[in-house]
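> missing the sequence, but the structure's below:
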């Protein structure tokens, strides 16, 4: 009843408000209006400043830590120690990655005889093959069958001089590229309007997607909402194209929460991203819900299927996942672009990838055109100008020669291997699965052991696995080269765990010390310095 409600409000709030008003009036009695205005303004500014501090506490903390460590690094003794550690890292990399072969630093005056060049090349090829032919490498080489590799090498040799930048001269590469795009669009259940382009790899596909959405929006301070697990290529795209990544934490199942994603949408949001699967843990984000949120808010949605694009469609189509994987392709009305790597489970040579868009209007936003160059009108669809037509030919040849039956067979074998590894890890008491993956990636951690030491123990046994952070964990990405290795992997992983349990301080020369230090380092710029040192060492003789 209104009268009763008014009486209640008067009793509850009337007297306290009267007392507050009287106190304020007494405090400001006799003061100039301008002084009162400045004081009130100060209070308002203070309230907003407090809100900013609370909202951005983590960013402020990072900046304070960064400034503090920057000051410490400026101290000569500290700087000397940092440089000493960098030198040790360079030496370790040089020791681990050098080959015992004559180095060439100056262009030979008369040229090395071709027979000798071929001898050196063959020697290096054999060294490389020792690292991956065993089937103990996570990812990297996705096929590797000798007959298929020879087939691709022959294909490349036929088109080694072609360049898709000149489709009027090399008609073959235009045919190859257009058919690869169409086959991939059909694989992603796209209609006739879906279109795209070939790129040199997943990173470039992602870069081109972000550029297209940025240019379509044509606003400053554009924002892209991504799961925390999204590929680092999106960080690169943000840095290159001046957009802001809004990272959303993961749920306990290591997928992103659609509710949290929707809460993060602002008027500056130009794109939402989901992964199928995400690289670290192999889980697939809830693409149907995420893409519907994007459609409802008239925002673009990108599915990053770089890793799973030529594997998961067969897993879904033939029911290998038992219906557990969400639909991630253009069957979702809100999905407006997809990146798909052909040089992974398309089993072709590095590096080709496909970036698909729902229509030409969006696709054309990724193009670069310079109509006023004095060298003539210049246009290219992606980041690169000249490209290796031989790689495009290999991509086409790989897809059409394997066919759906071949892809189904390979995906079934990979899926069975990954699931067997996942089930075996679940039985090792010291380990815990990270996420419930039905893709080719299986990740695991340990609540009891330094998981990176387990990784180092596996390295001693010839395995090359991927180290992850936040949480500290390891994953294996199963490829066709890994098929048949599940029992060996589980046996040697069990042995590696036992070795770490018995000697927790072992493996001092492995990656565990470096990853352990990186995980505990509050100043991430130091971690960046370590990574830069690694890259510098790799690029030096």
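That came through, no problem. Bear in mind the structure is a predicted one, so any value in this text is a computation, not a measurement. Numbering: from 1, shown residues only.

> Show me the shaky parts of this structure.
1-17, 20-21, 24, 28, 35-36, 38-42, 44-73, 78, 509-524 (pLDDT under 70).

> residue closest to the middle of it?
The centre of the chain sits closest to residue 231, judged by Cα atoms, centre = their mean, with a distance of 1.2 Å.

> all helices for the stretch 201-350 of the chain, in order.
Secondary structure of the stretch 201-350 of the chain (DSSP state H, counting those that start in this stretch): helices at 202-217, 233-241, 258-263, 287-296, 312-317.

> Make JSON lines from the ones you listed and add distance to residue 350 to it.
Yep, even glycine has a C-beta here, placed from its N, CA and C like the rest. JSON lines is the format used below for the helices of the stretch 201-350 of the chain (distance: least, Cβ to Cβ, whole Å):
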{"stretch": "helix 202-217", "distance to residue 350": "11"}
{"stretch": "helix 233-241", "distance to residue 350": "15"}
{"stretch": "helix 258-263", "distance to residue 350": "33"}
{"stretch": "helix 287-296", "distance to residue 350": "27"}
{"stretch": "helix 312-317", "distance to residue 350": "21"}
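
> Would you tell me which one of the ones you listed is buried the most?
helix 202-217 (a mean of 24; mean count of other Cβ atoms under 10 Å).

> name the helices or strands packed onto that helix?
strand 195-199, helix 233-241, strand 269-275, strand 300-305, strand 337-341, strand 353-357, helix 360-363 (3 or more Cβ pairs under 8 Å, 6 or more residues apart in numbering; DSSP states H and E).

> still on that earlier bit, run through the residues that contact the residue nearest to the centre of the chain.
Residue 231 sits next to 202, 203, 206, 275, 278, 279, 304, 306 when contact means Cβ atoms under 8 Å, 6 or more residues apart in numbering.

> 7 Å - rerun?
206, 279, 304, 306 (Cβ atoms under 7 Å, 6 or more residues apart in numbering).

> can I get those in JSON lines with distance to residue 337?
Shown next, in JSON lines, are the contacts of residue 231 (distance: Cβ to Cβ, whole Å):
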{"residue": "206", "distance to residue 337": "10"}
{"residue": "279", "distance to residue 337": "18"}
{"residue": "304", "distance to residue 337": "10"}
{"residue": "306", "distance to residue 337": "12"}
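
> of all the residues you listed, which two lie farthest apart?
Largest separation among these by Cβ to Cβ: 206 and 279, giving 11.8 Å.

> Out of the helices of the stretch 201-350 of the chain, flag the one nearest residue 507.
helix 233-241 (30.4 Å).

> elements contacting the closest one?
Packing partners of helix 233-241 (3 or more Cβ pairs under 7 Å, 6 or more residues apart in numbering; DSSP states H and E): helix 202-217, strand 223-227, strand 244-248.

> okay, the angle between the longest one and helix 233-241?
Relative orientation of helix 202-217 and helix 233-241, computed by axes from the mean of the first three to the mean of the last three Cα atoms, to 10 degrees: 50 degrees.

> mind pulling up the phi and psi values for the closest residue to residue 313 other than its chain neighbours?
Distance criterion Cβ to Cβ, 6 or more residues apart in numbering; nearest residue to residue 313, sequence neighbours excluded, is residue 187 at 5.5 Å. For residue 187, the backbone dihedrals (degrees, to the nearest 10) come out as phi -60, psi -30.

> Residue 187 reaches residue 314, doesn't it?
No. The criterion here is Cβ atoms under 7 Å, and residue 187 misses it with residue 314 at 9.2 Å.

> Now the element after the helix ranked longest in the chain, going C-ward?
The helix spanning the most residues in the chain, taking DSSP state H as the definition, is helix 389-426. Beyond helix 389-426 on the C-terminal side, the first helix or strand identified by DSSP states H and E is strand 432-433.

> How much space separates the residue nearest to residue 313 from residue 531?
35 Å (Cβ to Cβ, to the nearest Å).

> Compare these two (neighbour count), which wins?
The residue with more neighbours, out of residue 187 and residue 531, is residue 187; 23 against 11, by other Cβ atoms under 10 Å.
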